[in-house]
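A.B. asks: pasting the structure only:
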């Protein structure tokens, strides 16, 4: 999390007034929370299937501000410069020293000497298919550190986020919205009346919604500086089409906690979850850590469910939110939600999953649990929504795992050595790093997660810790299916800042940063085939790009995020983005984007061809085809809602429990086989959309229907 320079703003008087009005209420909440005794770091394990009954908890139900409809091509938006930012101490569950003591500044030369004699396993991890530079500090214009690198891939684009901006590329690496991208201040300019219009401050996140063929981007905004009283907002944009450059956007804003306007939501994470059912578990899930903006004291965690169905159509949208106070968290914070990209969607009505790990007040504590929550959402009857157990929203389960130590010491979090300098880098090693990967393969449901841990405490090195937990039936497991702290055969290299993804075949990869006293910070990745022995990244490691220099800035801040995602065009190609330095510099960071794929020897999915036995139907202006006997038959009706294209699809003859809905050759939804689906492409003016419906995961498909507006 960053802070901007201390310029005054039009929101100064507003935030003072709001702070005054809610001061007593906020104090009362804080005093109430302090009367509760925090649970110990190691908890007893509640029933893994337990979930509070509907109506037993009290959520916050809030209207998102907006939508503001933005129909302009991003290239035509007025340029609004990012807010200059200076580095500040990272906000953590418990305060930690920012700069390690001099006694911890050695580069561990003896360890480096010892590991040189160790021969690492022969790697078989495939080399990158393509890499190219993303945004750099000069292009960002924000004078910020670290970049908070994030991104996602769609059928035709890669969208990258750094603290100030998004930059959109085609899949050959060519920038599409200018060499410097689009600043968040430009992107959210029309959200007038909120800090999103001109006071964006980073921690951006990008998500591709593969079911709807839409993009979601988000960052937070606040006037003034930190410490400061805000008000603090999350800004959210949902694309109107699959084209993030010229297809238009719906823009929304939500205050982090209106009941506590001086609280900021830090380290935001987003995921899409759509399991349908009644009520429909269909939302964009947002999680933030809550800190008092004035004192920077930790207040807990806030979890939001944003009404995805309404936001996709540019409609008015509510959010259902819960606060988990420190009494319900113990030593934990930074909950991350689950999202899915490949495989079958979650079973109908499946509740959202979230997990976290502890971040104790002191270093060197051996931790043996991962905490799991379930979030049940009911937008129709919000009072039926529940998160976790009881009034404190304690975890639904505490999953025992092999012992690990968070990657910080009592001297601080700047631990990672670099070649040619005594300056260490920040590990961010006290949390699960990125949203969970959910996968449903033939009814077996699993969650995948990664974090940074330290070995040989306090000397290191850091290692990549990863988990696979089966959650079939909607319950957390008694123990993980797989877990490992990976060191590549104990080669002595420091690995940190991981992100994890799983392809259509169940093969897994992790992208991360590496460094040591003899190697410049670089970007690498490792992985395993589904056929490899359990509990190991059996394919070894590959280099995405080797750093040509290192960072000398005294803050030591690095990354904050990296991101690995799966290409929805084939569900096989991994795309990763992360930070590196081509030359040594104080703070002139660069980012890299690259892709790779496991070798053809691994199973590959069978493509879903257009059935050749079914002639292309003749379509009337309403989109009604001529059905063909003996196959899935599809009809369509096109119309407009508030001027935006909408298509009703009806079919019969499908035999699976779910069907895949294709628009213009790409899957836009996997939905229940109830014979009806409404698609909202969201476009205006002249356009054509070609549809087909297939038994989920198969090549048994309907006739094609083209609807022309």
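C.D. replies: Cool, the structure landed. All values reported here derive from a predicted model rather than from experimental measurement.

A.B. asks: contact partners for residue 284?
C.D. replies: By Cβ atoms under 8 Å, 6 or more residues apart in numbering, the residues touching residue 284 are 207, 216, 236, 270-272, 305-306, 308, 311. C-beta: built from backbone N, CA, C; applies to glycine.

A.B. asks: touching, residue 437 and residue 502? I think so.
C.D. replies: Yes - A contact is recorded between residue 437 and residue 502 when judged using Cβ atoms under 8 Å, the distance being 5.3 Å.

A.B. asks: between these two, what contacts are shared?
C.D. replies: Shared between the contact lists of residue 437 and residue 502 (criterion: Cβ under 8 Å, 6+ apart) are residues residue 448.

A.B. asks: so the spatially closest residue to residue 131 that is not a sequence neighbour versus residue 136, what's the distance?
C.D. replies: The spatial neighbour of residue 131 that comes closest, neighbours along the chain excluded (Cβ to Cβ, 6 or more residues apart in numbering), is residue 594 at 3.6 Å. Distance, residue 594 to residue 136, by Cβ to Cβ, to the nearest Å: 16 Å.

A.B. asks: look at these two and report which has more neighbours.
C.D. replies: Using other Cβ atoms under 10 Å as the criterion, residue 594 and residue 136 rank with residue 594 on top: 24 against 18.

A.B. asks: which strand residues bridge residue 634?
C.D. replies: Per DSSP bridges, residues listed as beta-bridge partners of residue 634: residue 651.

A.B. asks: ok, now how distant is it from residue 191?
C.D. replies: Residue 634 sits 39 Å away from residue 191 when distances are taken as Cβ to Cβ.

A.B. asks: can you check residue 126 too?
C.D. replies: Looking at residue 126 against residue 191, where the rule is Cβ to Cβ, the gap reads 43 Å.

A.B. asks: more crowded one of the two?
C.D. replies: Neighbours per residue (other Cβ under 10 Å) separate residue 126 from residue 191, with residue 191 holding more: 25 against 17.

A.B. asks: now do the contacts for the more buried one.
C.D. replies: Under the criterion of Cβ under 8 Å, 6+ apart, the neighbours of residue 191 are 65-66, 68, 197, 235, 251-253.

A.B. asks: which pair of those spans the longest distance?
C.D. replies: Based on Cβ to Cβ, the longest span within those runs between 197 and 252 and measures 12.7 Å.

A.B. asks: for these two, indicate the residue with more neighbours.
C.D. replies: Comparing residue 197 with residue 252 by other Cβ under 10 Å, the one with more neighbours is residue 252, at 29 against 20.

A.B. asks: any idea what that one is bridged to?
C.D. replies: Beta-bridge pairing of residue 252, defined through DSSP bridges, involves residue 236.

A.B. asks: isn't it up against residue 317?
C.D. replies: Yes - in this structure residue 252 lies within contact range of residue 317 using Cβ under 8 Å: 6.6 Å.

A.B. asks: any shared contact partners between those two?
C.D. replies: For the pair residue 252 and residue 317, residues contacting each of them under the criterion Cβ under 8 Å, 6+ apart are 64, 66-67, 306, 311.

A.B. asks: restricted to buried residues, select those in ChimeraX.
C.D. replies: To isolate the buried subset of these in ChimeraX, counting by 16 or more other Cβ atoms under 10 Å, use the following:
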select :64,66,67,306,311
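
A.B. asks: make a markdown table out of the shared contacts of residue 252 and residue 317 and add secondary structure.
C.D. replies: Supplementary listing: the shared contacts of residue 252 and residue 317 in a markdown table, determined by DSSP: H, G, I helix; E, B strand; the rest coil:
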| residue | secondary structure |
| --- | --- |
| 64 | coil |
| 66 | strand |
| 67 | strand |
| 306 | strand |
| 311 | helix |
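
A.B. asks: including pLDDT, could the shared contacts of residue 252 and residue 317 go into TSV?
C.D. replies: As requested, these are arranged in TSV below (pLDDT from 0 to 100):
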residue	pLDDT
64	98
66	97
67	97
306	98
311	98
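
A.B. asks: how close does the residue lying closest to residue 73 once chain neighbours are set aside get to residue 647?
C.D. replies: In this structure, residue 73 finds its nearest non-sequential neighbour in residue 246, 4.2 Å apart by Cβ to Cβ, 6+ apart. Counting by Cβ to Cβ, the gap from residue 246 to residue 647 is 21 Å.

A.B. asks: for the two, indicate the residue with more neighbours.
C.D. replies: For residue 246 versus residue 647, neighbours defined as other Cβ under 10 Å are more numerous around residue 647 (20 against 14).

A.B. asks: after the strand or helix carrying that one, next one along is what?
C.D. replies: In the assignment (DSSP states H and E), residue 647 maps to strand 644-652. Moving toward the C-terminus from strand 644-652, the first helix or strand encountered (DSSP H and E) is strand 658-663.

A.B. asks: ok, and for that following strand, which residues are buried?
C.D. replies: Within strand 658-663, the residues that qualify as buried by neighbour count (16+ other Cβ under 10 Å) are 658-663.
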